[in-house]
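A.B. asks: Sequence plus predicted model, see below.
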Amino acid sequence: MGLVYATIDLINAEDKALAKNGYIKETSIRKLPVRMMVDSGAVMMAINEEIKTQLGLTAKDKQIFTLANGTVIKLEKAAGIEVNFKNRWCTTDAVVLKGNTEPLFGALPI
C-alpha cells in the first residue's frame, strides 16, 4: 500500500472570525494550501514551524507526544486552524513539528 497525499487548505480561524466581525478585511485572512500526507494512524494533524509562522497561528500549550518511531517528545500545539478539503471542513488544533518537517493529516480532522 502506497502513501496518500492531499492538498488541504489551512486557514487561520482567528483571522476568519475577525473578518466576519469587521475588524479586518476578508482579503487579510491568512490561508495556505498545504500538500499533506494523509495518515489515519496519526491521531492529530501535524504542521511544521514554517506553516505555523505563515498562518500566524498562536501556541496553545505544549504536550508530550509519541512519534511513529517511538520517540517521546514535548511539542507545541497550535490552535485555531480551519481545515478545508473539497466540500468538508472542521476547526482543529495541530501539533507543531520542528523546522519544515513534512505535515501530516491525522485521524481527528479526517
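C.D. replies: Received, thanks. Numbering: from 1, shown residues only.
A.B. asks: And the lengthiest strand in the chain, how far out from the chain middle?
C.D. replies: Identified as the longest strand of the chain according to DSSP state E is strand 72-85. Distance of strand 72-85 from the chain centroid (C-alpha atoms, centre = their mean, to the nearest Å) equals 5 Å.
A.B. asks: Okay, angle between the host helix or strand of Ile8 and strand 72-85 too, please.
C.D. replies: Here Ile8 sits within strand 5-12, counting by DSSP states H and E. Between strand 5-12 and strand 72-85, the angle comes out at 90 degrees (axes from the mean of the first three to the mean of the last three C-alpha atoms, to 10 degrees).
A.B. asks: and strand 5-12, what does it pack onto?
C.D. replies: On a contact count with 3 or more C-beta pairs under 8 Å, 6 or more residues apart in numbering; DSSP states H and E, strand 5-12 meets strand 31-38, helix 49-55, strand 72-85. (Glycine included, C-beta is placed from N, CA and C.)
A.B. asks: any chance of these in a markdown table, with mean neighbour count, distance to Leu18 and mean pLDDT too?
C.D. replies: Below are the helices and strands packed on strand 5-12 laid out as a markdown table (neighbours: other C-beta atoms under 10 Å; distance: least, C-beta to C-beta, whole Å; pLDDT from 0 to 100):
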| stretch | mean neighbour count | distance to Leu18 | mean pLDDT |
| --- | --- | --- | --- |
| strand 31-38 | 16 | 13 | 96 |
| helix 49-55 | 17 | 14 | 96 |
| strand 72-85 | 16 | 11 | 94 |
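A.B. asks: List the neighbouring strands of the lowest-mean-pLDDT helix or strand in the chain plus their orientation.
C.D. replies: Here the helix or strand of the chain ranked lowest by mean pLDDT, DSSP states H and E is strand 58-66, holding a mean of 89. Strand pairing for strand 58-66, using DSSP bridges, gives strand 72-85 (antiparallel).
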